[in-house]
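Novice: Below are the sequence and a predicted model; questions follow.
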Amino acid sequence: MRIQYIRASVLVGVHVLILLHIFYFGDSTIGSVDFQEFFHSFLKSGLINSGVILVLGSFVFTLIFGRFFCGWACHFGAIQELSWIILKKLNIKSITINSRLVVILPLIVLLNYYVLPNVWYALNNPWNLEINLATPDIWAFLPGAIIGFLTFLIDGFLIVYFLGKKGFCRFICPWGAFLKIPNMFSMFKVRKTGECTLCHECTTGCPVGIDVSYEINNYGKVTNTNCTSCMICTSGCPSNAISYEFKNPIDETWNIKDFINSTKSYLHPNIKDQFLSVRSRDMVLLILTILFALCIDGLYGMGHFMSYGIALIAAFLIIKKRIIKFPSILFPLAIIIVFSWHGIIRYSIWKGIQEYESKDYVNTIKHLERATSLHLKQIGLFHIYLSESYFNTGDIYKSVEHAERAYQINPDYESTKKLIIFLQNTSQVKKDIIISKKLNDLLNNPKLAD
Ligand code: SF4
Ligand code: SF4
């Protein structure tokens, strides 16, 4: 277990360095050290910064040693392990989901949000190799405090409660998906090196929910690319039957069936009650998760990690109810209504902005009025678009009404001020004493005058 103390110390050390970077050193020399940089900076425009170096370093390191980054340095991984330990300590039973198809979800997140848009951008814009370690700043792609906290709550704790061990790493994390590729070929792996007594201590202890015992006895090594090289299995095996060992890739045996999730794993009586198979409903779970995530992604400031976390939990709750034959249809129905409602909002915003950009103001009004009436949060920018659209369709009263609302939502917003000054100087407003006074009152408000 000494190795686990070392791992815990490394995790703490890495996060002390992160805090020092953020709050002490700042970003004048080293900017954002984030995985996203590889995609948003390097793939997109050729910029090599600190985040890109981290990703390239992790890729090469994983190719040799395995996914150490995930097991020894990642805060999402650490929080999920911690929450699993807390659940066990509190005697709260959580079961680990065993699914085949849902493992492709991280790949979809990776391709859809990080690889394809940036490659597409690079193909249509200049791409110049450049080195600048100080850009972008630390907070460039990070959410604010509230969304950050909620993301950790959902992807660090709730997902573990509902989907079991490292639910976020296994089903959502795009960086994990990226590192699975070199991990498949890593030279150091957990390998069978002694007599196994099938006690299944390794499977029970594995924080990623791998059926270690099945894999080492059938393939001679852990082939599951979710392995994060944490060494819990090797240090916990009472028979010293497994070790973390190097093998020359030339001597390695490769078999495609080793990487296809076997239908015979997770079935041994020693571990059967620790896992819940959703294999028969994998496709439904995958489709529901993607649809739900598309309905909420970006709303209320939510990032991809948070929206996919919520979507996966919601989709799983629907599937789980059906597995245990929950009699009431109301619960899944309520979930579907909430997501459909937000799906309409997202579609209306997307369509409304498209129409606004193509100067089709009648349709802008149609879509953005729907979006603002359904959205639980009032967004000043949409009222600015509506005000401009109503003005362009000749409805000055509605235009002023939305300008006022935009001001009430965000009085310090520069565009609101410009819009009100513009409206005030139009001939329609100058002719109308009541509206003119209304706008004057707004402009004379000390907050806006700032
Ligand atoms: S802990 Fe060791 S002996 Fe027990 S099942 Fe795993 S490899 Fe075999
Ligand atoms: S297989 Fe072993 S080393 Fe890999 S994640 Fe599971 S416990 Fe850790």
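Specialist: Received the coordinates, thanks. Ligands and ions are numbered 1, 2, ... in the order given.

Novice: my guess is residue 91 is in a helix, correct?
Specialist: No - assigned with DSSP: H, G, I helix; E, B strand; the rest coil, residue 91 falls outside any helix and is coil.

Novice: where does it land on pLDDT?
Specialist: Here, the pLDDT recorded for residue 91 equals 93.

Novice: Now for it, how many residues are close by?
Specialist: Using other C-beta atoms under 10 Å, residue 91 is surrounded by 6 other residues. Any C-beta I mention is one placed from the backbone N, CA and C, and that applies to glycine too.

Novice: where's it relative to ligand 2, distance?
Specialist: 23 Å (C-beta to the nearest ligand atom, to the nearest Å).

Novice: can you pull out the strands in this structure?
Specialist: 47-48, 96-98, 130-131, 188-192, 242-246, 275-277 (DSSP state E).

Novice: Ok, which of those strands comes nearest ligand 2?
Specialist: strand 188-192 (5.0 Å; C-beta to the nearest ligand atom).

Novice: Show me where the stretch 301-450 of the chain dips below the pLDDT cut-off.
Specialist: 321-327, 445-450 (pLDDT under 70).

Novice: which residues in it form helices?
Specialist: 304-323, 330-357, 361-374, 380-392, 396-409, 414-424, 427-431, 433-444, 446-449 (DSSP state H, counting those that start in this stretch).

Novice: Out of the strands of the chain, which is the most enclosed?
Specialist: Of all the strands of the chain, strand 96-98 carries the top mean neighbour count, a mean of 22, counting by mean count of other C-beta atoms under 10 Å.

Novice: Indicate whether it makes contact with ligand 2.
Specialist: No - Strand 96-98 does not reach ligand 2 (C-beta under 6 Å from any ligand atom); its nearest approach is 11.9 Å.

Novice: Could you name the helices and strands sitting against that strand?
Specialist: strand 275-277 (3 or more C-beta pairs under 8 Å, 6 or more residues apart in numbering; DSSP states H and E).

Novice: export the helices of the stretch 301-450 of the chain to JSON lines and tack on mean neighbour count and distance to residue 24?
Specialist: Below are the helices of the stretch 301-450 of the chain laid out as JSON lines (neighbours: other C-beta atoms under 10 Å; distance: least, C-beta to C-beta, whole Å):
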{"stretch": "helix 304-323", "mean neighbour count": "21", "distance to residue 24": "26"}
{"stretch": "helix 330-357", "mean neighbour count": "16", "distance to residue 24": "40"}
{"stretch": "helix 361-374", "mean neighbour count": "18", "distance to residue 24": "43"}
{"stretch": "helix 380-392", "mean neighbour count": "22", "distance to residue 24": "36"}
{"stretch": "helix 396-409", "mean neighbour count": "20", "distance to residue 24": "36"}
{"stretch": "helix 414-424", "mean neighbour count": "17", "distance to residue 24": "33"}
{"stretch": "helix 427-431", "mean neighbour count": "13", "distance to residue 24": "53"}
{"stretch": "helix 433-444", "mean neighbour count": "15", "distance to residue 24": "44"}
{"stretch": "helix 446-449", "mean neighbour count": "11", "distance to residue 24": "36"}
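
Novice: So residue 369 sits against residue 386, correct?
Specialist: Yes - under the criterion of C-beta atoms under 8 Å, residue 369 makes contact with residue 386 at 6.8 Å.

Novice: measure residue 194 to residue 206 for me?
Specialist: Separation of residue 194 from residue 206 (C-beta to C-beta, to the nearest Å): 18 Å.

Novice: near ligand 2, which residues of the chain show up?
Specialist: Close to ligand 2, as judged by C-beta under 6 Å from any ligand atom, the chain has residues 190, 205-206, 208, 210, 212, 222, 227-233.

Novice: just to revisit the earlier point, format the helices of the stretch 301-450 of the chain as CSV; extra columns: distance to ligand 1.
Specialist: Below are the helices of the stretch 301-450 of the chain laid out as CSV (distance: least, C-beta to the nearest ligand atom, whole Å):
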stretch, distance to ligand 1
helix 304-323, 28
helix 330-357, 38
helix 361-374, 53
helix 380-392, 56
helix 396-409, 59
helix 414-424, 62
helix 427-431, 78
helix 433-444, 71
helix 446-449, 66
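
Novice: Output stretch 234-248 as CSV - backbone C-alpha positions only.
Specialist: What follows is stretch 234-248, C-alpha atoms only, in CSV (Å, rounded to 0.1, in the frame of the first residue of the first chain):
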residue,chain,number,x,y,z
THR,A,234,-0.9,-5.0,-8.1
SER,A,235,-0.3,-3.8,-4.5
GLY,A,236,-3.6,-5.4,-3.3
CYS,A,237,-3.2,-8.9,-4.7
PRO,A,238,-2.7,-11.3,-1.8
SER,A,239,-1.1,-13.9,-4.1
ASN,A,240,1.4,-11.6,-5.9
ALA,A,241,-0.1,-12.9,-9.1
ILE,A,242,0.0,-9.6,-11.0
SER,A,243,2.7,-6.9,-11.5
TYR,A,244,3.2,-3.8,-13.5
GLU,A,245,5.7,-5.1,-16.1
PHE,A,246,7.5,-3.9,-19.2
LYS,A,247,7.3,-5.9,-22.4
ASN,A,248,9.0,-5.2,-25.7
